[in-house]
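**Student:** predicted structure and sequence below. I'll ask about it afterward.
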Amino acid sequence: LISFADARGRLRRLRVVAVDRASVSAEAASGAYVEPGVHLRVRRGATMIHEEDLGALPALEEPLLLAVGDILLVTTGAVPGRPARRDDAGRVIAPASIPCTLPEVFREVLPGERIWFDDGKLGGVVRAATADVLTVAITAGRDGGVRLRSDKGINLPDSTLTLPCLSPQDRQDLGFARRHADLVGLSFVRHPGDVAELVGLLGAGPRRPGIILKIETPQAFAALPAILLAGLAAGPLGVMVARGDLAVEVGFARLAEVQEEILWLSEAAHLPVIWGTQVLETLAKKGIATRAEVTDAAMSVRAECVMLNKGPHIVAAVRFLADVLGRMRAHQAKKSTLLRRLAVSRQG
């Protein structure tokens, strides 16, 4: 039994349930707030067997709360992000900052261009750009602010980026994928040369994996016919309508039109399509679907495959989706309406 007074001075007890060479697992009936220096007492039965102060604790990630009107610095390097620093009167004396793991983009971003974070949850405009810092004015976000956490995506829809589609690590990993994978997904493809490079690295032969082209940028959409032709010449091919980044890049209002045209072009090329991003996400995560999600799931019948995200209710989401698609297949085949007899109609 481990006993201690937590950071609030409340007595807490932990019961040891497992021990191995590197760690001890213990359970508590009540929550506890601990900090370095909390004194721990370990008892076995009625005998005290050990006492020690708690050492340093691992750093806890804290999200940055950002709202419309705030200034955010996007920096190069691996320096952790930090919240804005304020004086005693609450005035900002140093804006919040976050790092970007692709320093190459800093030389290609210009003032006045838009920037989006976390799949479009937070947006802004670049006010100043240097070789190592982008100064961003936050212009879009929900009321009350947005909590921005680490490892979230950054989109630059107005910037002309010349980054290679495949990183050095990607090229190294493709050797393993060629031997063991059935499919390789190509993210942020922009032009036919990206596809040709991947095909060349995968090589030829019957064991070569198929390719899934993730269409998620305006450049890819504009060059889609040529991109599809480059892929068709190489072997098994599919298309993913990656609606998360695609919506941020082309604008939410235009997403519906763009995904329709991707479906048309893919059908004309006789290519299977994956309908992805946030399909029945509320159901998978919280246990009940929204009305808009049900309509979106019904629209996905025009693709050959639907991608669901993980969640505690994923089994229910799969069953619900199967039910919706089973009904919709009688009404729709790809982009063609079947004009079946309506359930409310009567014979005679």
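**Tutor:** Perfect, I can see it now.

**Student:** output the below-cut-off pLDDT ranges for the stretch 151-300 of the chain.
**Tutor:** Nowhere does the stretch 151-300 of the chain drop to pLDDT under 70.

**Student:** now do the helices in the protein.
**Tutor:** In the chain, the helices defined using DSSP state H lie at 168-180, 192-202, 218-222, 224-232, 243-250, 252-268, 281-286, 291-299, 314-328.

**Student:** tell me the most buried of the ones you listed?
**Tutor:** Mean neighbour count (mean count of other CB atoms under 10 Å) peaks for helix 243-250 among the helices of the chain, with a mean of 23. Where you see a C-beta, it was placed from the backbone N, CA and C, and this is true even at glycine.

**Student:** just to revisit the earlier point, wait, which of the helices of the chain is closest to Val125?
**Tutor:** Among the helices of the chain, the nearest to Val125 by CB to CB is helix 243-250 (14.4 Å).

**Student:** now find how far off-centre that closest one is within its chain.
**Tutor:** 12 Å (CA atoms, centre = their mean, to the nearest Å).

**Student:** tell me what it is packed against?
**Tutor:** strand 154-155, helix 218-222, helix 252-268, strand 273-276 (3 or more CB pairs under 8 Å, 6 or more residues apart in numbering; DSSP states H and E).

**Student:** can you redo these as TSV with distance to Val126?
**Tutor:** Formatted as TSV, the helices and strands packed on helix 243-250 follow (distance: least, CB to CB, whole Å):
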stretch	distance to Val126
strand 154-155	11
helix 218-222	18
helix 252-268	20
strand 273-276	29
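
**Student:** so which of the ones you listed is nearest Ala7?
**Tutor:** Using CB to CB, the helices and strands packed on helix 243-250 put strand 154-155 closest to Ala7, at 36.1 Å.

**Student:** quick one: strands adjacent to the closest one?
**Tutor:** Note on strand 154-155: by DSSP bridges, its sheet partners are strand 114-117 (antiparallel).

**Student:** list of residues touching the partner strand?
**Tutor:** Here strand 114-117 makes contact (CB atoms under 8 Å, 6 or more residues apart in numbering) with 74, 109, 122-126, 134, 136, 148, 152-158, 248.

**Student:** now list the buried members of those residues.
**Tutor:** Buried members of the contacts of strand 114-117, counted by 16 or more other CB atoms under 10 Å: 74, 109, 122-126, 134, 136, 148, 154-157, 248.

**Student:** just the ones of those in strands?
**Tutor:** Using DSSP state E, the subset of the buried ones among the contacts of strand 114-117 located in strands is Val74, Leu122, Gly123, Gly124, Val125, Val126, Leu134, Val136, Leu148, Ile154, Asn155.

**Student:** okay if I get the helices of the chain as CSV plus distance to Leu338?
**Tutor:** Output for those, formatted as CSV (distance: least, CB to CB, whole Å):
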stretch, distance to Leu338
helix 168-180, 39
helix 192-202, 34
helix 218-222, 28
helix 224-232, 26
helix 243-250, 25
helix 252-268, 15
helix 281-286, 27
helix 291-299, 14
helix 314-328, 10
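
**Student:** select, out of the ones you listed, the one closest to Ala96.
**Tutor:** Here helix 243-250 is closest among the helices of the chain (CB to CB), at 20.8 Å.

**Student:** what angle separates that closest one from helix 291-299?
**Tutor:** Here helix 243-250 runs at an angle of 100 degrees relative to helix 291-299 (axes from the mean of the first three to the mean of the last three CA atoms, to 10 degrees).

**Student:** now the angle from helix 243-250 to helix 252-268?
**Tutor:** Using the same axes, to 10 degrees: helix 243-250 against helix 252-268 is 120 degrees.

**Student:** hmm, who's touching helix 243-250?
**Tutor:** 116, 119-120, 153, 155, 157, 188, 215-218, 221, 255, 258-259, 275-278.

**Student:** leaving out chain neighbours, which residue sits closest to Asp118?
**Tutor:** Spatial nearest neighbour of Asp118, excluding adjacent residues (CB to CB, 6 or more residues apart in numbering): Lys152 at 4.0 Å.

**Student:** contacting residues for that neighbour?
**Tutor:** Counted by CB under 8 Å, 6+ apart, Lys152 has contacts Phe117, Asp118, Asp119.

**Student:** check contacts around the second one.
**Tutor:** For Asp118, the residues meeting the contact criterion (CB under 8 Å, 6+ apart) are Val146, Leu148, Arg149, Lys152, Gly153.

**Student:** need these in CSV (columns: distance to His331).
**Tutor:** Below are the contacts of Asp118 laid out as CSV (distance: CB to CB, whole Å):
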residue, distance to His331
Val146, 38
Leu148, 41
Arg149, 41
Lys152, 38
Gly153, 35
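
**Student:** can I get stretch 16-31 as CSV, trimmed to CA atoms?
**Tutor:** Presented in CSV, the C-alpha positions along stretch 16-31 are these (Å, rounded to 0.1, in the frame of the first residue of the first chain):
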residue,chain,number,x,y,z
VAL,A,16,-0.2,-2.1,-5.8
VAL,A,17,-1.6,-4.4,-8.4
ALA,A,18,1.5,-5.3,-10.5
VAL,A,19,5.2,-5.1,-10.3
ASP,A,20,7.9,-5.7,-12.9
ARG,A,21,11.6,-4.7,-13.3
ALA,A,22,10.9,-1.2,-14.6
SER,A,23,7.6,-0.1,-13.0
VAL,A,24,4.9,-0.5,-10.4
SER,A,25,1.2,-0.3,-11.2
ALA,A,26,-1.2,0.8,-8.5
GLU,A,27,-4.9,1.6,-8.3
ALA,A,28,-6.7,4.4,-6.3
ALA,A,29,-10.3,4.8,-5.3
SER,A,30,-10.1,8.6,-5.6
GLY,A,31,-8.3,11.1,-7.8
